[in-house]
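> Below: sequence and its predicted model.
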Amino acid sequence: MIYTLTLNPAVDYIVRVSDFELGRINRSETDVKYPGGKGINVSRVLNRLGQDNTALGFVGGFTGRFIEDSLAAENIRTDFVSVAGDTRLNIKLKTLEETEINGQSTHISAANMGALKEKLALLKKGDTLILAGSLPETVSPGTYYDIIHTWVPKDIRCFLDTNGDALFEALRARPFFIKPNHHELAELYNVPIASPEQAAFYGKKLQTEYSVPHVLVSMASQGVLYIHEEEIVHIQPPRGTLVNSVGAGDSTVAGFLAKYEKTNDPKEAAIYAVAAGSASAFSEGFCTKAEVDRYSNNMQCERINI
Ligand SMILES: Nc1ncnc2c1ncn2[C@@H]1O[C@H](COP(=O)(O)OP(=O)(O)OP(=O)(O)O)[C@@H](O)[C@H]1O
Ligand SMILES: O=P(O)(O)OC[C@@]1(O)O[C@H](CO)[C@@H](O)[C@@H]1O
């Protein structure tokens with residue numbers, strides 16, 4: 001069974017304004033609301049790719065209900081812990097560029113954490129848990145470490161996509177798979193990373209230092225560096241026009257897992273991951289399976305030696 005965990009979900013409010021000006025009334029050209037948060041996005045894309053899964057995490061208030069209703073409408077199973085306050089609202093303002101305003105997360109109590117711990121303890125051998133997104137301000141930066149190291153049974157495969165202190169702490173628990181983007185990797189090592197070669201070097205360093213079996217460093221339009229065992233490959237994205245990059249990284253995680261579950265072939269999974277990420281980036285919403293299958297049939301890996 002596959003589970004996603006979103007400790008800090010959001011309702012994403014995507015607003016397009018052509019001639020935006022600060023300090024005046026701007027009227028949106030289009031605006032749309034989606035259930036969001038990285039783990040929830042992974043659930044939605046896994047579902048589109050034909051992979052059954054259950055979404056876990058914290059939801060509350062009218063925004064939390066919107067998330068639950070939206071996922072139910074997509075036939076995605078959920079088992080959230082209900083919390084007192086409203087799940088945050090994240091604004092994605094699309095003008096000449098993309099500006100994000102991510103709201104404050106609601107308070108997570110010790111009782112909420114206890115209820116989550118009970119749910120996670122029920123996962124079984126061979127299950128997969130995807131831990132994705134930031135941590136609410138009111139939980140410890142070591143929470144992902146605690147979950148991977150202690151709260152779930154030992155033989156659960158943990159996929160991790162987070163940043164900052166939460167990533168730094170969680171690496172010590174040796175997750176099965178991580179997907180930092182190159183900015184997050186640069187922050188981890190406090191170095192500039194702009195080229196695939198630099199991403200390959202620091203991705204390899206991370207794999208070696210933390211014994212993470214699968215390291216996938218995403219680089220937006222420069223594709224992905226995939227580090228596994230002794231091999232480093234660079235996978236370029238397919239050709240296309242950027243429409244909405246929100247959730248592209250989450251689609252990458254979902255694409256890797258969906259293919260890996262079927263074929264157990266890591267390189268095929270990495271190619272599928274890039275195809276899924278780019279197909280989502282080229283869409284208003286998320287990728288479709290047909291798009292990802294089509295893109296992935298025409299993509300290559302290039303081996304990198306460092
Ligand atoms: N402009 C783009 N052109 C082509 N593919 C893209 C573009 N932006 C993103 N992608 C695809 O999506 C993948 C993930 O993108 P990115 O590195 O931006 O992840 P991310 O920063 O985690 O994204 P997010 O946090 O917004 O979900 C890339 O590896 C690539 O395959
Ligand atoms: O605050 P976090 O968890 O880092 O990021 C939250 C978020 O920006 O990530 C998703 C896109 O990856 C959006 O659905 C959501 O708004």
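Everything's here; your move. Ligands and ions are numbered 1, 2, ... in the order given.
> tell me, what residue is most central in this protein?
residue 250 (3.3 Å; C-alpha atoms, centre = their mean).
> so that residue sits right up against residue 159, yeah?
No - with contact defined as C-beta atoms under 8 Å, residue 250 does not reach residue 159; the gap is 10.9 Å. No exception for glycine: its C-beta is placed from N, CA and C like everyone else's.
> tell me, what's touching these two both at once?
Shared contacts of residue 250 and residue 159, defined by C-beta atoms under 8 Å, 6 or more residues apart in numbering, are found at residue 132.
> Show me what the helix or strand where residue 91 lies is packed against.
Assigned by DSSP states H and E, residue 91 falls within strand 88-94. With contacts defined as 3 or more C-beta pairs under 8 Å, 6 or more residues apart in numbering; DSSP states H and E, strand 88-94 has these neighbours: strand 10-16, strand 98-102.
> in its sheet, what does it sit against?
Using DSSP bridges, strand 88-94 pairs in its sheet with strand 10-16 (parallel), strand 98-102 (antiparallel).
> Looking at those strands, which one is packed in the most?
Each of the strands paired with strand 88-94 was scored by mean neighbour count; the highest is strand 10-16, a mean of 21, by mean count of other C-beta atoms under 10 Å.
> any residue of that strand up close to ligand 1?
No - if you take C-beta under 6 Å from any ligand atom as the test, strand 10-16 misses ligand 1, and the best it gets is 10.7 Å.
> Burial check on the closest residue to residue 216 other than its chain neighbours, number of neighbours?
Closest residue to residue 216 apart from its sequence neighbours, by C-beta to C-beta, 6 or more residues apart in numbering: residue 179 at 4.6 Å. For residue 179, the count of nearby residues is 26 (other C-beta atoms under 10 Å).
> pretty sure residue 179 is touching residue 248, no?
No - if you go by C-beta under 8 Å, residue 179 and residue 248 don't touch, sitting 11.1 Å apart.
> Now the common contact residues for those two.
With C-beta under 8 Å, 6+ apart, residue 179 and residue 248 have common neighbours residue 218.
> mind checking how far the single nearest residue of the chain relative to ligand 1 is from residue 178?
Nearest residue of the chain to ligand 1: residue 249, at 2.0 Å (C-beta to the nearest ligand atom). Computed as C-beta to C-beta, to the nearest Å, the residue 249 to residue 178 distance reads 12 Å.
> what's the overlap in contacts for these two?
Common neighbours of residue 249 and residue 178, counting by C-beta under 8 Å, 6+ apart, are residue 161.
> Which residues of the stretch 201-306 of the chain lie near ligand 2?
246, 247, 249, 250.
> Most neighbours out of these, which is it?
Using other C-beta under 10 Å as the neighbour criterion, residue 250 leads these with 30 neighbours.
> Disregarding residues adjacent in the polypeptide, which is nearest to it?
Residue 250 sits nearest to residue 41 (C-beta to C-beta, 6+ apart), 3.6 Å away.
> neighbours around the one you found, how many?
30.
> Phi first, then psi, for it.
The phi/psi pair for residue 41 (degrees, to the nearest 10) reads phi -60, psi -40.
> and it, what does it touch?
132, 247, 250, 251, 254, 286.
> What of residue 53?
With C-beta under 8 Å, 6+ apart, residue 53 has these contacts: 1, 2, 3, 4, 43, 46, 47, 76, 77.
> ok, it to residue 174 distance?
Taken as C-beta to C-beta, the span from residue 53 to residue 174 is 23 Å.
> same thing with residue 48?
Using C-beta to C-beta, we find residue 48 at a distance of 30 Å from residue 174.
> okay, these two: which has more neighbours?
Set side by side, residue 48 and residue 174 show more neighbours around residue 48, with 23 against 13, by other C-beta under 10 Å.
> Ramachandran angles for the more buried one?
phi -70, psi -30.
> Tell me if I'm right that it and residue 288 touch.
Yes - with contacts counted by C-beta under 8 Å, residue 48 reaches residue 288, the gap being 6.2 Å.
> pretty sure residue 113 contacts residue 139?
Yes - contact criterion C-beta under 8 Å: residue 113 and residue 139 qualify, at 6.9 Å.
> Leaving out the residues flanking it, which one is nearest to the residue in the stretch 101-250 of the chain positioned nearest to ligand 2?
Taking C-beta to the nearest ligand atom, ligand 2 has its nearest neighbour within the stretch 101-250 of the chain at residue 133, 3.1 Å off. Leaving aside its chain neighbours, residue 133 sits nearest to residue 38 (3.6 Å; criterion: C-beta to C-beta, 6+ apart).
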